[in-house]
Structure formats: C-alpha cells, structure tokens
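K.L.:
Sharing a model that was predicted from the sequence below.
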Amino acid sequence: IYNTFGSFLEGRRPQSDTDQLTEWTPDADVTEDKDGFTVYVSLPGVKRDSIETEIKENILVISGRKELSPEVQKLLVRQEVPVGRFYRAFKIGVQVRASAVRASLKDGILEVRLPKSEEAKPNKIVIS
C-alpha cells in the first residue's frame, strides 16, 4: 500500500552516525485523515523557543536543542535522557496548504497539523 506521507521512519537519522550525547532523534507518530496529517513528536523537557519547524521542498523538518541546567549537569552520575541537538524530517507525499500549517506544544508533545490542499483530498466519483 502506498503511504502518501512517505515512510515516517525514513526521516530518522541513523544513530550510528551521531554521538548520542550531542544529537538525538525524538520519537514521532503520524496520523492521516481526509483533511490532512498530524505529526506528534515526543519532546519532553524541550522549551518552546528551542524548537524550529519548517516545510521546505515538501519535507517537514523539526529540529532544535534540549539543554540540561548547569546545576543538574554538575550532579549527574548517569545520563539516559537525551540532550543536545535533535532532528526529524518527514517527506510529505501530497501537497499541503503551507500557510495553514499549525504547531503547538503541550505536555512535552509537539503537534504539527498539515492540512491537505484541495487537490490532494480524495474526490468521490459518481458512477452514472
């Protein structure tokens, strides 16, 4: 079956080419309905002003940085929660209305709504 949003796992950067302490890949879910797509990205502890989102050449790019406070860094004896730069990219397989894209951050989840253009929405054909 053809997925119009592309395989959202294709947007992951391989972990082997990054230092886990300086760059990480947040988990994401993608849903689709007749009007568009919604991307949910898990970004616990990331501040709103540390997140950048953009659509360029039919690719949704989400990037930014998560920092630890100097107080926490000083006391750290084991680190499993990722910090540093993060990056995700999602190839969009249909036209979206870029001017109507909306993003919000709540409870550590970034939600990006990508409405489909009218041309990309399914059209029922009446058989006569």
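P.N.:
Ah, there it is. These numbers were taken from a predicted model, which means no experiment stands behind them.

K.L.:
ok now do A100, which residues does it touch?
P.N.:
P115 (CB atoms under 8 Å, 6 or more residues apart in numbering). (C-beta placed from N, C-alpha, C; glycine too.)

K.L.:
same thing but at 10 Å, please
P.N.:
With contact taken as CB atoms under 10 Å, 6 or more residues apart in numbering, A100 is in contact with G36, R113, L114, P115, K116, S117.

K.L.:
what's K56 in contact with, if anything?
P.N.:
K56 sits next to A89, A98 when contact means CB under 10 Å, 6+ apart.

K.L.:
Pairing partners for it in the sheet, please.
P.N.:
As for beta bridges, K56 partners with I59 under DSSP bridges.

K.L.:
Look up how far L68 lies from it.
P.N.:
30 Å (CB to CB, to the nearest Å).
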